[in-house]
Each structure stands twice: as structure tokens, then as C-alpha cells.
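Enquirer: give the three-dimensional model of this entry:
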Amino acid sequence: MPPPIPPPLQKIHDQFVEKMGFLGTLFGFNKLLGQIYAVLYLSPKAVALEVLMDALHVSKASISTNIRELEKWGGCKKVWVKGDRKDYYEAETDFRAIFSKRLVDALKRRVSMVGAMAGDAKKDLKSSASDLKKEDKALLLFFEERVRKIEKTKSKLEFFMNTVLKLL
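Expert: Modelled structure (predicted):
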């Protein structure tokens, strides 16, 4: 358990936690996730879930759900504390690592969605080709060309993403 925060620093701590909660919402996270990160970030020692519950006045379920999300995008990590069976967490302080992981995960999801959409469209076009009248085949070819453009764009996005990863 981290040592108690002296009253003059408690106000600064609480304001920081509140502002990080707001900042989290600007980056697409919920407020609590940002606040959990702030408590971890300002703690000189690993923090147990119960400490987070007390600091933020929320349920263990809310803390658990959000701490798993925070772990998923690299904002914190679980650490072992000798002689204790509780789960403890520390903040990742390398902001570049956090943001690059978040960016890469978001890009991968979106590129995957583009690929799935193009694949579905390609299958649908192929299966409907035999049902079309001769005069509609030109429109089918046009649709197929547009889907190929999407597939090329997906390939370019994957190349871009891999290049960005190397730069980070």
C-alpha cells in the first residue's frame, strides 16, 4: 500500500486525477480509465485494486474492468509483490510506447475491417455473377474494379502501418 499523501499534495493529486480522467475522454477512453492511470502514474509503489477502489470511490468490478482495458493497451502492467497474493499494478511511464501501441491497435482493427468488407464484397459479386443479365455485366465489372481499389488501399495501409511501426 502506498504511503498516505500529505494534505498539501493531496489536493494536487486529486486535481491531476480529475484532469487525467477528462483527458482520457478526449482520447476515446472512459473517465475512470484515465483516473486509474493517473493514480498509478502518481504512485511511487505498485497499487492494489483495493487502493484504487478507495482512491476513486468506485466498485471493484469497475476497477477490474478498466484495469484490464488499461493493461490491454499498454498503460499499466501487473506486478508481483513478495508475500502478498493480491494483484498489484504499475503505470507504464513511456508515453511513446503507450500511444504507439494504441495507434497500432486502432490501425490494425480498421485495416482488418476494410479487408473483411472487401472480401465479403468480392464473394458476393462472384456469387451473383451468374444471376445477372448480359447487360448488367458491365456494372458487375465496375463493382469488381472498385473492390480491387479497396484491396489495393488495404495493402497500402498495411505497408504504411508496418513503416510507422519501424519508426516508433
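Enquirer: next structured bit after the worst-scoring helix or strand of the chain on mean pLDDT?
Expert: Within the chain, no helix or strand scores below helix 95-128, which has a mean of 84 by mean pLDDT, DSSP states H and E. Later in the chain than helix 95-128, the nearest helix or strand by DSSP states H and E is helix 137-167.
Enquirer: mind listing the residues bridging to the spatially closest residue to D84 that is not a sequence neighbour?
Expert: Leaving aside its chain neighbours, D84 sits nearest to A48 (7.9 Å; criterion: Cβ to Cβ, 6 or more residues apart in numbering). C-beta: built from backbone N, CA, C; applies to glycine. Counting by DSSP bridges, A48 is bridged to Y88.
Enquirer: which residues touch A48?
Expert: Going by Cβ atoms under 8 Å, 6 or more residues apart in numbering, A48 touches 1, 84, 86-89.
Enquirer: could you do L52 as well?
Expert: Applying Cβ under 8 Å, 6+ apart, one finds that L52 lies in contact with 36, 39-40, 63, 67, 89.
Enquirer: surely D84 is in a helix?
Expert: No: checked against DSSP: H, G, I helix; E, B strand; the rest coil, D84 lies outside a helix; its state is coil.
Enquirer: burial of it, as a residue count?
Expert: 11 (other Cβ atoms under 10 Å).
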